[in-house]
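Novice: 3D, please:
(2 chains)
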Amino acid sequence: MKIKITFPDGSKKEYEKGITPLQIAEEISKGLAKEIVSARLNDKEVDLNYKIMYDSSLIFYKFKDDEGKKVYWHSTSHIMAQAVKRFYPDVKVAIGPAIENGFYYDFDKKTPFSDNDLEKIEEEMQRIIDENFFFERREVTRNEALEIFKNLGEDYKIELINELPSEEQISIYVLGDFVDLCKGPHLLSTNKVKAFKLLKVSGAYWRGDEKNKMLQRIYGISFPSEKELKTYLEKLNEAEKRDHRRLGKELDLFGFYEEVGAGLVHWHPKGGLIRNIIEDFWKKEHYKAGYDIVYTPHIGKSNLWETSGHLGFYSENMYAPMKIDEQDYYIRPMNCPFHIMIYKSKLRSYRELPIKYAELGTVYRYERSGVLHGLMRVRGFTQDDAHIICTPSQLENEVVKLLDFSIFFLKSFGFENFEIFLSTRPDKFVGKKEDWDKATQSLKNALEISKLPYKIDEGEGVFYGPKIDIKVKDALNRSWQCTTLQFDFNLPEQFGMKYIGEDNKEHRPFMIHRALLGSLERFFGVLIEHYAGNFPLWLAPVQVKVIPISENHFEYGKKILSYLKEKEIRAKINLENEKIGYKIREAENEKIPYMIIVGDKEIENQNISVRKHLKGDLGVFLLGEFIEKLKREVQKKTTK
RNA sequence: GCCAUCAUAGCUCAGUGGUAGAGCAACUGAUUCGUAAUCAGUAGAUCGUGGGUUCAAGUCCCGCUGAUGGCUCCA
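Specialist: Okay, the predicted model is just below:
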C-alpha cells in the first residue's frame, strides 16, 4: 500500500504505508534526518517515529523553528524530571512545559532544591542522556491513565487527567524508569540533547494560584550544541551588564533608600537632568499637538474615589487613607478624576472638543513587595498621562493622531520596532455591548488607517473599555510595554460628564486615557537598557569632557570649556593630575559621548582633538566647527 | 504577600564560633605625561536593624527592613 505525502513546497511523493517522518527525512538527506526534532502531520505535531497511515501533508521542524525548540526543551524537562525522581523518589511531579527561553518543571518536594542539588541533578541528567533512553509514546484510555498515575502516587497528574476533555486521546511517555503524562511530541531519544544547563530554582504556586500549594520549580535551557549554549549564556551576561539597576548605580543616575522605603525612586542629578530633557521635549511636543498641560493635586477626598469607582475596583492598589479635618483623603493611584474636574468646571460646547489635558502626573500604587523591580516596577511613579475628551464622531480621528504621536515619540528615543495589541471586551465589563463594538471598531479603523500591523488580544481589554498597547523592542530584542491608549465608558458616566451638541442638547462625551512613554521611571529604565547607558548626545547628562594633557594645558582647556558652556553644551573638564590614558579611560567609563583632548599641538594650531566614546580618535577640528557638529547631532537626536 | 538566596569600607568582593581583610574609588606626595588604569603613602567598618544562644557571634537561631530570582507560560 502506498500513501501520498505533500511537502510544504507543494511537491508530492509516494511512500509505503506506515513510514515514519524520520525515514522520509533520511531518504531526502542524512543531514536533514540528523537535524530535525519533530514533525507536523496535517495539523498535528507528531514524533519522528510516528507511523503514517494515510495521505498527509508533512512539515519537518528543526531546533531553529519555534515548534522544534519547544519539543527540544520540553523533552529536556522530562529528562530533568527523571533525574529528580531518581534522587528523590517521593517527589511528586506537576507540570514541565517549554517556555520562551528553555523549560521548567514543578515538583512537590518538602524541602526546596539547593544549588548543590542542581549540580547533582545536572550530573544525573547527563547520565540519562548517555544511557540514551527512547521517549516511548503510549496511547492509553482515561482509566488506564488514572490507574497508572494512582499507582505512582502522582496526584497532580490525576488532577490533570480529570480535567482533560472527554474526547481527548490521552498519551503517556515512558523514558526508562520514568513515566509522564504528556501530549508530546518528543525527541526520539535522550542523547539528542547535546548541551543543557539548569539555571535557577524558585517557588511557584500550583497553577499559578496563590491559594494553591507552593511547588519547587527548576528552570533550565538546552541546545543542540555546546556553542549555542555558550552563546546563550553570554547573551544573559550581556543583558546583565546593561541592567539598568547596575548602570543606574555606576553612572549615578538614581537610587533607592531603605530609610525611605521600597519602590520609591530618587533621581540623582544626572538622572534628573535626563528626565528634565525628556520632560521639556514632551511638553513642547504636547503643546504643538494641541494638548493643554495641567497640574493637579496628589490627594483627594474619599468621595471622589468612590465616584470614580477606584475604591471599588482598584482599592487593592491604593494606600490607606489619611484623615484631614475629619475627612478621609487618599493619595492618588491615577490622575483621571482631577482632569475630569477641570473638564466639568464649565459648561462645554461641542465646538470646544476635543479637549486634551496632559499632565506628568505622579501617582502612588501599592505593589506587593515581591514584584518590585528597579525602575520597572515601583510604588511611586510619574505617568505621562493625558485624557482626550471628544465627541463620538471625533474618536477615530483622534486615535489616528494618537497612534502617530506615540510612534513619533518612541522613534525619537531610538526605538524602531513595535508590537501593537488591540484588546477587546472582557467577560466583566461596563457599558453597552453595541457601544463596545463601535469603540472597538473605531480603534481597529484607526490602526488600519495608520497602516500599523497589530494583533488582537481577545477579551483582554480593561472592564471599562477596549485598548491599544504598543510595546517597543529594545537593542537586545526584548519587548517593553510603553504606550497604552484606553477607551473609557465608565468615568464619563460616573462623573456625569457632558457637552452641549449642535442640537443644543446634552450629550455624553467619549474619553480616552493615554500614556505614551508609560511612566517616566519605567521608560528611563528601558532607555538605560536599550542604550546600555550610552545615551545619545541630546540626552547625555555630560556631552563633552575636555581633557588637557598636562598642567601646562589647563588654561587652554578652561577657555574651551567656557566657550562650550556659552554655547549651551553640557561640558566638564578633567583637571586631575593623571596621565592622558587614565583620563580617557575615566571618560569612557562614564560613557561621555565626546572627549576634547588638548596639548601643545592644539594650542599651537588653535584647534582641538576630538575622541568619540566607543569609537576612538576622530582627528582635529576647529572648535566652532565641532560645536556645529554637536548642534546638528542634538537636533537630529541621532542615536548611533 | 509566598518560596529561595542575599545584606561586611563609597563600589566590587574575601572572611563558616576566637584580634575585621583585599582591589578600585577618596585623600596626600612624587611624576607633567598624546588617545582605555604612573608610583608611593594615608585615611576609611559599632559587619542592614532589633533580640536570643554562647566564656566568646560578621559567622549559629528568631523578628524586622531592604535587595535579587521566581510565583502569567497547562499533560
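
Novice: List the beta-bridge partners for A:Val363.
Specialist: Beta bridges link A:Val363 to A:Phe381 when assigned by DSSP bridges.

Novice: Is it correct that it is in contact with A:Gly380?
Specialist: Yes: judged on CB atoms under 8 Å, A:Val363 makes contact with A:Gly380 at a distance of 7.4 Å. Quick note: C-beta positions are derived from backbone N, CA and C, even for glycine.

Novice: For the stretch 101-250 of chain A, which residues are neighbours of RNA strand B?
Specialist: By CB under 7 Å from any atom of the strand, the residues of the stretch 101-250 of chain A that approach RNA strand B are A:112, A:114, A:145, A:157, A:160-161, A:164, A:168-172, A:180-183, A:200-205, A:207-210, A:214, A:216-217, A:245, A:249.

Novice: can you rerun that using 6 Å?
Specialist: Residues of the stretch 101-250 of chain A lying close to RNA strand B by CB under 6 Å from any atom of the strand are A:112, A:160, A:164, A:168, A:170-171, A:180-183, A:200-205, A:207-210, A:214, A:217, A:245, A:249.

Novice: Can you go through those and name the buried ones?
Specialist: Buried by 16 or more other CB atoms under 10 Å: A:Leu160, A:Ile170, A:Ser171, A:Asp180, A:Leu181, A:Cys182, A:Val201, A:Ala204, A:Arg217, A:Arg245, out of these.

Novice: biggest separation within the residues you listed, which pair?
Specialist: Across these, the longest distance by CB to CB is 46.3 Å; it joins A:Ile170 and A:Arg245.

Novice: just to revisit the earlier point, just checking, which of the buried ones among the residues of the stretch 101-250 of chain A next to RNA strand B belong to strands?
Specialist: Among these, the ones falling in strands (DSSP state E) are A:Ile170, A:Ser171, A:Asp180, A:Leu181, A:Val201, A:Ala204, A:Arg217.

Novice: Run through the bridge partners of A:Ala386.
Specialist: Beta-bridge partners for A:Ala386, by DSSP bridges, are A:Ala358, A:Arg514.

Novice: Enumerate every residue touching it.
Specialist: Residues near A:Ala386 by CB atoms under 8 Å, 6 or more residues apart in numbering: A:His286, A:Tyr291, A:Lys356, A:Tyr357, A:Ala358, A:Glu359, A:His513, A:Arg514, A:Ala515.

Novice: if you set the cut-off to 6 Å instead, what comes out?
Specialist: Applying CB atoms under 6 Å, 6 or more residues apart in numbering, we find A:Ala386 in contact with A:Lys356, A:Ala358, A:Arg514.

Novice: Closest one to A:Lys505 out of these, please.
Specialist: When the contacts of A:Ala386 are compared against A:Lys505 (criterion: CB to CB), the nearest one is A:Lys356, at 23.9 Å.

Novice: what helix or strand is the closest one on?
Specialist: According to DSSP states H and E, A:Lys356 maps onto strand A:355-364.

Novice: which helices and strands does that strand pack with?
Specialist: Judged by 3 or more CB pairs under 6 Å, 6 or more residues apart in numbering; DSSP states H and E, strand A:355-364 is in contact with strand A:380-390.

Novice: give me that answer again for 10 Å
Specialist: Judged by 3 or more CB pairs under 10 Å, 6 or more residues apart in numbering; DSSP states H and E, strand A:355-364 is in contact with helix A:269-288, strand A:292-293, strand A:327-331, helix A:336-344, strand A:380-390, helix A:395-412, strand A:510-519, helix A:520-531.

Novice: closest to A:Phe429 out of the ones you listed?
Specialist: strand A:510-519 (15.8 Å).

Novice: by how many degrees do the closest one and helix A:520-531 diverge?
Specialist: Angle of strand A:510-519 versus helix A:520-531, following axes from the mean of the first three to the mean of the last three CA atoms, to 10 degrees, is 50 degrees.

Novice: Off-centre distance for strand A:510-519?
Specialist: Mean-position distance between strand A:510-519 and its chain equals 18 Å (CA atoms, centre = their mean, to the nearest Å).

Novice: Relative to A:Lys559, how far out is A:Asp474?
Specialist: Relative to A:Lys559, A:Asp474 is positioned 41 Å away (CB to CB, to the nearest Å).

Novice: out of those two, which sits in the more crowded spot?
Specialist: Legend: neighbour count by other CB atoms under 10 Å for A:Asp474 and A:Lys559, higher for A:Asp474 (19 against 14).

Novice: got a list of what that one touches?
Specialist: Residues counted as contacts of A:Asp474 (CB atoms under 10 Å, 6 or more residues apart in numbering) are A:Arg242, A:Gly414, A:Phe415, A:Asn417, A:Trp480, A:Val526, A:Leu527, A:Glu529, A:His530, A:Tyr531, A:Ala532.

Novice: Next one: it, what pLDDT does it get?
Specialist: Looking at A:Asp474, its pLDDT is 86.

Novice: Check A:Asn317 too.
Specialist: pLDDT, A:Asn317: 92.

Novice: any idea how far RNA strand B is from it?
Specialist: From A:Asn317 across to RNA strand B, the span is 13 Å (CB to the nearest atom of the strand, to the nearest Å).

Novice: What of A:Glu568?
Specialist: In terms of CB to the nearest atom of the strand, A:Glu568 sits 25 Å off from RNA strand B.

Novice: do A:Ala475 as well
Specialist: Per CB to the nearest atom of the strand, A:Ala475 is found 17 Å from RNA strand B.

Novice: Likewise for A:Ser423?
Specialist: 15 Å.

Novice: pretty sure that residue contacts A:Asp457?
Specialist: Yes: with contact defined as CB atoms under 10 Å, A:Ser423 counts as touching A:Asp457 (4.3 Å).

Novice: Residues that sit against both of the two, list them.
Specialist: Shared contacts of A:Ser423 and A:Asp457 (CB under 10 Å, 6+ apart): A:Pro466, A:Lys467, A:Asp469.

Novice: one step back: now the strand holding A:Lys356: how far from the chain's centre is it?
Specialist: Strand A:355-364 sits 24 Å away from the centroid of its parent chain (CA atoms, centre = their mean).

Novice: ok, now which ones touch A:Leu537?
Specialist: Counted by CB under 10 Å, 6+ apart, A:Leu537 has contacts A:543-544, A:569-570, A:593-594, A:613, A:629-639.

Novice: give me that answer again for 7 Å
Specialist: Counting by CB atoms under 7 Å, 6 or more residues apart in numbering, A:Leu537 touches A:Gln543, A:Pro593, A:Leu630, A:Glu633, A:Val634, A:Thr638.

Novice: Domain-wise, how is chain A divided?
Specialist: As given by automatic domain parsing, the domain ranges for chain A are A:2-62, A:69-239, A:261-296+A:335-531, A:299-331, A:544-636.

Novice: what residues are up against the residue nearest to A:Gly461 when sequence neighbours are not counted?
Specialist: Excluding the flanking residues, the one nearest A:Gly461 by CB to CB, 6 or more residues apart in numbering is A:Ser423, at 4.2 Å. Taking CB under 7 Å, 6+ apart as the criterion, A:Ser423 is in contact with A:Asp457, A:Glu460, A:Gly461, A:Pro466, A:Lys467, A:Asp469.

Novice: Of the residues you listed - the most surrounded one?
Specialist: Neighbour-wise, the contacts of A:Ser423 (other CB under 10 Å) top out at A:Pro466, 27 neighbours.
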